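1. pasting the sequence and the predicted coordinates here, then a few questions.
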Amino acid sequence: MHSPASKCNMAVAVAVVAVAVAVAVAALLSAPARPVVVVVGGGLAGCASALEAAAAAPASVRVVLLEQRPKLGGNTARATSGVSAAGTAAQRDAGVSGDDAERLAADTLASGAGLSDPALVRVLAGRSVDALSWLQALGVNCSSVIQCGGHSLPRTHRLPPSHDHTTMVGAEIVNALVKAIAATQVTVTLNAQVENVVTKDGRVAGVEYTDLTTNARVMLAASAVVLATGGFSASKSLLRQYVPNHADRPTTNGPWAAGDGLRMAAALGASLVQMDQVQLHPTGLLNLSDVHSGHVLLGPENMRGCGGAFILIIFETFLKGILVNARGERYVNELTLRDAITVKLLAQNDSFDGVAFSYLLLNDKSVECFGPAVMRFYVGSGLFRWFDNAAQAGTALGIPTGALSDTLRNYGVGGADSFGKRLFPVAFDPERRLVIAAVTPAVHYTMGGVAIDSGAHVLRSDNGHISGLFAAGEVTGGVHGANRLVGNSLLECIVFGRIAGRAALTVHTSLYS
């Protein structure tokens, strides 16, 4: 039993804590003496926002970048294909003519199937050349141009293929971002799990986050907040809520893609749009020794663009090339939209231990285009296997060797095929060696999210702004509609990340002028 004295001491302690919390909250909800722009999320969208804000801000403005992980990068570090841009010098050098922002916008709107916001798409496409130039100015050499699914012309800009360079384009971008941010006055706080965006009198006043190294709660005052927290591909609860039929599929995303920004924005009255629009990537690289792991590496678009051939046992990947089913037959134009490939792949009804899958086939010329060093990584990871010829591959994988040989021999013969394919990046010879992976559909990207306008302001259901709150990247919805084109995610992060960073400074002007 506690003595009266101990009860009194306890009451005093509780009162002291309460007063301290109240003082901290009151301090937070007052405009900071020095304007602060807080960016939540350290992927490409967040870093672009922080860099833009730092470059444009007067010395009196502090820019803080909060990232929940021990390092910057997020899902950007996993990007494998490239960046969309229309009307670039790299395209002209590659002999690509007739491309422009209008054509990129038209392809994006067609892919979105009527769900994309035309105003957002016009901004995306109209700033694509500038976005690529910005990226190249950071030292990222996206000078190689390839054709990818859903694009009417080659406009996916990527790193040149290499025999000895294994870095993917996403990792290269992250390395460049880290160096660029280190050269600025941006304050980077890692291991910071943002819990809430705090408001006062209808406008943003700051954020509350947990320091994951100490478990301490931190209140950070802010004049503006940019949400760049990514999507919800790794959140089983949100997938079950909005797309229950995909909730049990593997994902290409890291566990941090949990929809945190969506939750925080919704709590402030933000409108969430098109949350049921989730993209399955048809070429998730399936590890046949662990098909139920819940996570797969991505077989990037540029594999299919470099002549990859899929043989169906349905494991969604989006590598460039030929897709064939377990019977050794092609079943789709490998350069069509991701959602269309997924539908065709699943319709083959092939499975491995209950997991739908196909095979992706590449040859030496395909690998030369894609990048020998990167392929060595995939082979070393056990995701691809080399075979001397189609007969050896068929025998090892249980595919009818005659059918597989015929499929490869007939690929691209006679021009356009019965699947509507007119571009055949490479020819296949069944007597020459092949490298093959099993692929499966995986949750790759969530097109829905927080509603924004073309100035990256977060919108309420009545289309009014939540004052001081901005968003960019996969946390937002409205750009991609029903299906995202390859290369448009990195483009979106750059374009709207920079817009959000600069827009956040307008709050500085209104509050502190």
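-> Sure thing, it's come through. Numbering: from 1, shown residues only.

2. quick one: low-confidence ranges for the stretch 101-250 of the chain?
-> 163-167 (pLDDT under 70).

3. ok, 80 please
-> Residue ranges of the stretch 101-250 of the chain with pLDDT under 80: 161-167.

4. helices of that one, start to end?
-> 101-111, 118-126, 128-137, 169-182, 236-242 (DSSP state H, counting those that start in this stretch).

5. which residues sit against the longest one?
-> Pointing back at helix 169-182 there. The contact list for helix 169-182 (Cβ atoms under 8 Å, 6 or more residues apart in numbering) reads 44, 47-48, 50-51, 65, 72-73, 75-83, 135, 138-140, 142, 158-159, 167, 188, 490. To be clear about C-beta, it is placed using only N, CA and C from the backbone, and glycine gets the same treatment.

6. which of the residues you listed are buried?
-> 44, 47-48, 50-51, 65, 72-73, 75-83, 135, 138, 140, 142, 158-159, 167, 188, 490 (16 or more other Cβ atoms under 10 Å).

7. still on that earlier bit, now, which of the contacts of helix 169-182 lie within strands?
-> Residues of those located in strands (DSSP state E): Leu65, Val83, Arg158, Val188.

8. surely Glu492 is in a helix?
-> Yes: under DSSP: H, G, I helix; E, B strand; the rest coil, Glu492 sits within a helix.

9. so it sits against Gly473, correct?
-> Yes: Glu492 is within contact range of Gly473, at 6.5 Å (criterion: Cβ atoms under 8 Å).

10. out of those two, which sits in the busier spot?
-> Gly473 (34 against 26; other Cβ atoms under 10 Å).

11. now do the contacts for that one.
-> Gly473 touches 41, 43-46, 228-230, 489, 492-493, 496-497, counting by Cβ under 8 Å, 6+ apart.

12. once you drop chain neighbours, what's closest to it?
-> Ala45 (2.9 Å; Cβ to Cβ, 6 or more residues apart in numbering).

13. got it, and Gly170?
-> Ala79 (3.0 Å).

14. centre of the chain to stretch 203-216, how far?
-> 25 Å (Cα atoms, centre = their mean, to the nearest Å).

15. mind exporting it as CSV, just the C-alpha atoms?
-> Presented in CSV, the C-alpha positions along stretch 203-216 are these (Å, rounded to 0.1, in the frame of the first residue of the first chain):
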residue,chain,number,x,y,z
ARG,A,203,-3.2,24.9,-40.8
VAL,A,204,-0.2,22.7,-40.4
ALA,A,205,1.9,23.4,-37.2
GLY,A,206,4.4,20.6,-37.2
VAL,A,207,4.9,16.9,-36.9
GLU,A,208,5.3,14.4,-34.1
TYR,A,209,7.7,11.5,-34.6
THR,A,210,9.4,8.7,-32.7
ASP,A,211,13.1,8.5,-32.6
LEU,A,212,13.5,4.8,-33.3
THR,A,213,17.0,4.7,-31.7
THR,A,214,15.7,5.9,-28.3
ASN,A,215,11.9,5.4,-28.6
ALA,A,216,11.6,9.1,-27.5
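
16. list the buried residues for it?
-> Quick answer for stretch 203-216 (16+ other Cβ under 10 Å): Arg203, Val204, Ala205, Gly206, Val207, Glu208, Tyr209, Thr210.

17. can you name the secondary structure element that comes next after the helix or strand of the chain with the lowest mean pLDDT?
-> Lowest on mean pLDDT, DSSP states H and E among the helices and strands of the chain sits strand 309-311, with a mean of 37. Sequence-wise, the next helix or strand downstream of strand 309-311 (DSSP states H and E) is strand 322-324.

18. which helices and strands sit right next to that following strand?
-> strand 309-311, helix 338-346, strand 358-363, helix 401-410 (3 or more Cβ pairs under 8 Å, 6 or more residues apart in numbering; DSSP states H and E).

19. which residues touch Gly497?
-> Leu44, Ala45, Gly46, Cys47, Ala48, Ser49, Glu52, Ala228, Ala472, Gly473.

20. now the two most distant members of these.
-> Greatest spatial distance in the contacts of Gly497: Glu52 and Gly473, 13.3 Å, computed using Cβ to Cβ.

21. so, low pLDDT: which residues of the protein?
-> Residues of the chain that meet the cut-off, pLDDT under 80, sit at 1-34, 161-167, 298-321, 337-338, 369-371, 425, 508-513.

22. ranges for the helices of the stretch 251-400 of the chain?
-> All helices of the stretch 251-400 of the chain, identified by DSSP H, counting those that start in this stretch, fall at 260-267, 301-305, 338-346, 364-370, 372-380, 390-397.

23. who's in contact with the last one?
-> For helix 390-397, contacts defined as Cβ under 8 Å, 6+ apart pick out 311, 328, 359, 361, 385, 387, 399-401, 404-405, 408, 430-431, 434, 436.

24. ok and it relative to helix 401-410, angle-wise?
-> 130 degrees (axes from the mean of the first three to the mean of the last three Cα atoms, to 10 degrees).

25. got the angle between helix 390-397 and strand 358-363?
-> In terms of direction (the same axes, to 10 degrees), helix 390-397 departs from strand 358-363 by 150 degrees.

26. which positions in helix 390-397 come out as buried?
-> Ala390, Ala393, Gly394, Leu397.

27. columns distance to Gly114 on top of those, output as JSON lines?
-> JSON lines is the format used below for these (distance: Cβ to Cβ, whole Å):
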{"residue": "Ala390", "distance to Gly114": "42"}
{"residue": "Ala393", "distance to Gly114": "42"}
{"residue": "Gly394", "distance to Gly114": "43"}
{"residue": "Leu397", "distance to Gly114": "40"}
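
28. ok, these vs Phe352, which is closest?
-> Using Cβ to Cβ, the buried residues of helix 390-397 come closest to Phe352 at Leu397, 10.8 Å.

29. ok, now how distant is Val83 from Val324?
-> 30 Å (Cβ to Cβ, to the nearest Å).

30. again but with Pro161, I slipped
-> 24 Å.

31. who has more neighbours, those two?
-> Taking other Cβ under 10 Å, Pro161 and Val324 do not tie; Val324 has more neighbours (29 against 19).

32. and the longest strand anywhere in the chain, how far out from the chain middle?
-> The single longest strand within the chain, with elements called by DSSP E, is strand 434-446. On the basis of Cα atoms, centre = their mean, the separation between the geometric centre of strand 434-446 and that of its chain is 15 Å.
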